[in-house]
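3D, please:
(one chain, ligands or ions: 1)
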Amino acid sequence: MITVFGSINVDLVLKTEHLPVPGETVLCPSYEMVAGGKGANQALAAARSGAAVRMVGCVGDDSFKKLALNDLNEAGVDLSAVQTTSSRTSCAAVMVDEAGENAIVVASGANRDATSDLIPNDAFGPSNFLVLQMEVPHEENWLAVDRASSTGTKVVLSVAPAYPIPSRILDAVDYILVNELEGRTIAAASGIGDVPPEELAKSLAVRHDTTCIMTLGSAGAIAADCDNTWHVPSLPIDPVVDTTGAGDAFAGCFASALSDGKTIEDALNFAAIGASLSCASLGAQPSFPTAEEIRFARL
Ligand code: RIB
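Numbering: from 1, shown residues only. The predicted structure follows:
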């Protein structure tokens, strides 16, 4: 079983010709409202790609709640540990330009109410995975890591949005998942200089005796532990419509493959294809592929 402790948002997706610079107003014809949030996205990606998943987090008692949980519900994600609080359901303004690049502002709302004690005890244990990101209170993440460490639970930490991570936490997690910016943020805090991506992933892995995975967009992903280095390609997508949530698709598919007993190399390939396919249409959750679509794309 995979438990995802993290954010649950509603995304207002605005497709613009270009992203606004400070002080600029840009117009776009319309917008989409879709379920989002890095936590919920990763939970959905894991469930769609075949895993049994539980989501733990908070929403508000408002009109956004139903939309925020809709796709998770349809995918069969266990929502019994999602709590409704007096805060507003989190909302994200997601601007996407013609090249599929994005800029995002998240109003955290109920995500700030998420506490690690919402995670049921049966989520922990050597055969279970705990997946974390950085959109809920960080101290609550670290408490969850402590519970996971003392029970042999495998932890996947997606360092998104980028934030320096305490060294003792990096030592405790099994898989650190970053893009290049996130990798450089935590490497700087660990005293690792400005080195190429592969060296950076290796340095983090060796420094913290962990596995570090760095996604590199259309260049695929690299990963390293103390003994091995892997490089997996992405799948060419034309046109790239929206890269929003591609990192979340990678994280969810990676955890899904690992919980299915796949090797790291297989899990990386599975995740790289899942993330690539998610760039082919607008919005994060609506674009996430099923296990069958990933397998078919691999042939
Ligand atoms: O990673 C993409 C996600 O970031 C969006 O769904 C948005 O809600 C923000 O959390």
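
and Ser127, how many residues sit next to it?
As a burial measure, Ser127 scores 9 neighbours (other C-beta atoms under 10 Å). C-betas here are computed from N, CA, C, even on glycine.

helix or strand for the residue of the stretch 51-200 of the chain found nearest the ligand, which one?
Proximity of the stretch 51-200 of the chain to the ligand (C-beta to the nearest ligand atom) peaks at Ala92, 3.5 Å away. Using DSSP states H and E, Ala92 maps to strand 90-96.

what pairs with that strand, and is each one parallel or antiparallel?
Within its sheet, and counting by DSSP bridges, strand 90-96 is paired with strand 9-15 (parallel), strand 102-107 (antiparallel).

which residues touch the helix or strand just after the shortest one?
Yep, that's strand 102-107 we're talking about. The helix or strand immediately downstream of strand 102-107 is strand 129-132, counting by DSSP H and E. For strand 129-132, contacts defined as C-beta atoms under 8 Å, 6 or more residues apart in numbering pick out 1-6, 42-43, 46, 119, 123-124, 141, 144-145, 148, 153-158, 251-252, 255, 258-259.

So for the strand holding Ala92, what gets flagged as buried?
90-92, 94-96 (16 or more other C-beta atoms under 10 Å).

Pro22: which of the residues you listed is nearest?
If you rank the buried residues of strand 90-96 by distance to Pro22 using C-beta to C-beta, Met95 comes first, at 13.3 Å.

Now do the same contact list for the residue lying closest to Tyr175 once chain neighbours are set aside.
In space, and not counting its chain neighbours, Tyr175 is closest to Val156: 4.5 Å by C-beta to C-beta, 6 or more residues apart in numbering. Under the criterion of C-beta under 8 Å, 6+ apart, the neighbours of Val156 are 129-132, 173-175, 177, 251, 254-255, 258.

tell me the two of those that are most distant?
Leu132 and Leu258 (14.7 Å).

Looking at these two, which is more packed in?
Leu132 (30 against 24).

confidence score at that one?
Looking at Leu132, its pLDDT is 98.

With Val178 instead?
For Val178, the predicted pLDDT is 97.

what about it, which helix or strand?
strand 175-179.

and whichever residue of the chain sits closest to the ligand, what is it in contact with?
Per C-beta to the nearest ligand atom, Gly36 is where the chain lies closest to the ligand, at 2.7 Å. Applying C-beta under 8 Å, 6+ apart, we find Gly36 in contact with 9-11, 68, 92, 94, 244-245, 283-285.

What count of nearby residues applies to Ala81?
Using other C-beta under 10 Å, Ala81 has 15 other residues around it.
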